[in-house]
Each structure stands twice: as structure tokens, then as C-alpha cells.
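Asker: Okay, predicted coordinates and the sequence, questions at the end:
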Amino acid sequence: MLSSLPSSRSFNLRLPPVPKLQPPPAAVVTKRQPQISPQRRKVISLLEKKNYRGAIELMNGRNREGMEREFTQAINGLLEVGDDAFSRGNYAAAGRAFKTVFDAYPVEPSLRERVSHDPKQLRSNLEICANRLMEQGLEEYRRGRLESAVRTWKSVLVISPGHQQAKKSLDTATVQLQELQNLKKR
């Protein structure tokens, strides 16, 4: 039986060529950029534009978790704006900046130590701004510029809502303005 099988020499075995195996392509290593939340993207954009107040408002409360660096950058940036306005005698702008920072002042000790002004210093700056604005309003009032005095006293109330002297002065000047307008109508 075996003799009926042809010998291996009589067969012409042709096997298909074995393809050369290529090493697998080197994995393209791409550095994966960390995902940036839309809120962080907005905050960063505001900080680049030096809109510190807008950035602080956007990070209000719990929204600043994970953005501590950006938060302290916004706080310190707005403090610089306030200090600059204060040194130029623009007490309304300085007061608004200091008030925003005071209202947003961090409670976390790790963040507090990164803020350039402490709460006591901010309170003092706010009081100085309010007092200087009161003086400016009184000067405007004495010169007969009632509308300017009213605007100035309103700015006092923006930075110090409970300021009794500003409220009283504003009420008096507002009544006088209304009386003058009524006289003009006659």
C-alpha cells in the first residue's frame, strides 16, 4: 500500500511565499491634553483680558473648586486694580474693587495665605474710600452740583451699603433736586 503513494521526490510542492512580517508600527504617542472644562476656559479667557471681577463672579462659591490658582490670580489682580485706582484718587473704582474682593475673600487657609491683602486691611481700605467719597460728595454739594453729589453718595452706598451719613446726604440732595426740577417745570 505504501508503494502506491508517490515518493516525495515526485511531488513538486510549491508553497506560497511567506510574507515578511513587519514589526508593528510604533505606537504614536500623543500627549493627551488634560480636559479643560468650559468654565475654566471662560475663567482663563477673562484673566487674559484682565477682567478679574468677571472671573471672580464666574468662580463664585463652589464653582472655584479645582481652580484655586485662577481664583487667587483673579483676587490678587483685582487688588492691584484697586490699589492703582486708590493711588490715583479714584476712590469709587478702588472701593468697588476692594468690595468685590472682600465679598469673595476665601475662607480656606491655604488660599488666604496667597492673597496679598488681609481682610482687616481690606476693611480699612473700604472705610478710607467711603470717607473720601463722602468728602467729595459734600464738596460737590457745597458747590451746588447736586447731581454730582448724588452720584458720589450712591457710589459710597455701593461699597458701604449701611453708611448712614451717605444715606442721609443722598436723601437730602435727592429731595432738593426734585424741588429744583419742579420749579423749572413751572
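Answerer: Okay, I see it. Numbering: from 1, shown residues only.
Asker: Now do the closest residue to residue 42 other than its chain neighbours: how many residues are near it, please.
Answerer: Spatially, and ignoring its direct neighbours in sequence, residue 42 is nearest to residue 58 (6.0 Å; C-beta to C-beta, 6 or more residues apart in numbering). Where C-beta positions appear, they are placed from N, C-alpha and C, glycine not excepted. Using other C-beta atoms under 10 Å, the number of residues around residue 58 comes to 19.
Asker: In this structure residue 58 contacts residue 45, no?
Answerer: No: in this structure residue 58 lies outside contact range of residue 45 using C-beta atoms under 8 Å: 9.9 Å.
Asker: Against which helices or strands is the lengthiest helix in the chain packed?
Answerer: If you go by DSSP state H, the chain has its longest helix at helix 119-142. Where contact means 3 or more C-beta pairs under 8 Å, 6 or more residues apart in numbering; DSSP states H and E, helix 119-142 is packed against helix 68-87, helix 91-104, helix 146-159, helix 164-185.
Asker: Would you mind finding the most buried of these?
Answerer: Ranked by mean neighbour count, those are led by helix 91-104 with a mean of 22 (mean count of other C-beta atoms under 10 Å).
Asker: residues in contact with the following helix or strand past that helix?
Answerer: The C-terminal neighbour of helix 91-104 among helices and strands, as given by DSSP states H and E, is helix 109-112. Helix 109-112 is contacted by residues 68, 71-72, 105-106, 118 when judged by C-beta atoms under 8 Å, 6 or more residues apart in numbering.
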